[in-house]
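Visitor: Predicted model, plus sequence, below.
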Amino acid sequence: MICHLEIIGKVKATAITLAVLTHPLSLANESISLPPPESPLSLLVYKMEILNYCGLIDDEISAGFGHQRDHIISELKLTEQQVQQARTEGWQSGLAEWQNRGLGGFKNWCRTDGREIAEYFRKIVIAVD
């Protein structure tokens with residue numbers, strides 16, 4: 001026999017789940033697409049997020065990213081707040097694009113954009129050495 005409180009708990013849990021899934025800001029039922037960021041550092045973080053989602057990050061790519069990140073921060077004389085803002089923008093754009101690709105849709109994204117970006121970071125390491 002199910003107790004009255006147990007039924008109420010299940011009803012509340014279901015109501016909360018429905019509220020989350022149907023909320024206008026919910027990502028569960030919407031496809032969101034943001035253009036790639038425009039600032040150089042945000043774009044760099046966005047590219048690294050693509051590689052993260054694709055599982056393509058290795059030591060060489062990390063080194064290329066780090067070198068380019070440091071170069072951009074130095075050249076543009078970015079403050080810590082600007083750096084954090086750029087990181088956040090890049091992460092959000094990467095996440096939104098990954099979600100927009102859908103289940104399995106990111107596989108082609110990884111084969112095309114992912115591999116191209118990985119090569120970009122590797123070339124930075126070669127140029128620096």
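Guide: Right, received. Where do you want to start?

Visitor: Can you give me the distance of the closest residue to Pro40 other than its chain neighbours to Ala86?
Guide: In space, Pro40 comes closest to Ile72 once its chain neighbours are excluded; the distance is 5.0 Å by C-beta to C-beta, 6 or more residues apart in numbering. C-beta: built from backbone N, CA, C; applies to glycine. Ile72 is 9 Å from Ala86, where distance means C-beta to C-beta, to the nearest Å.

Visitor: what touches both of those two?
Guide: Common contacts of Ile72 and Ala86 (C-beta atoms under 8 Å, 6 or more residues apart in numbering): Leu41, Leu78.

Visitor: Neighbour count: these two, which is higher?
Guide: Neighbour comparison, Ile72 and Ala86: the larger count goes to Ala86, with 24 against 18 (by other C-beta atoms under 10 Å).

Visitor: if I read this right, that one contacts Leu41, doesn't it?
Guide: Yes - using C-beta atoms under 8 Å, Ala86 is in contact with Leu41, at 3.8 Å.

Visitor: Overlap of the contact sets of these two?
Guide: Common neighbours of Ala86 and Leu41 (C-beta under 8 Å, 6+ apart) are Leu78.

Visitor: What are the structural domain limits within the chain?
Guide: Here the domain assignment for the chain is 1-30, 32-128, based on automatic domain parsing.

Visitor: Lowest average pLDDT across those domains?
Guide: Mean pLDDT per stretch puts domain 1-30 lowest among the domains of the chain, at a mean of 46.

Visitor: Can you tell me the element Ala127 falls in?
Guide: Using DSSP states H and E, Ala127 maps to helix 115-128.
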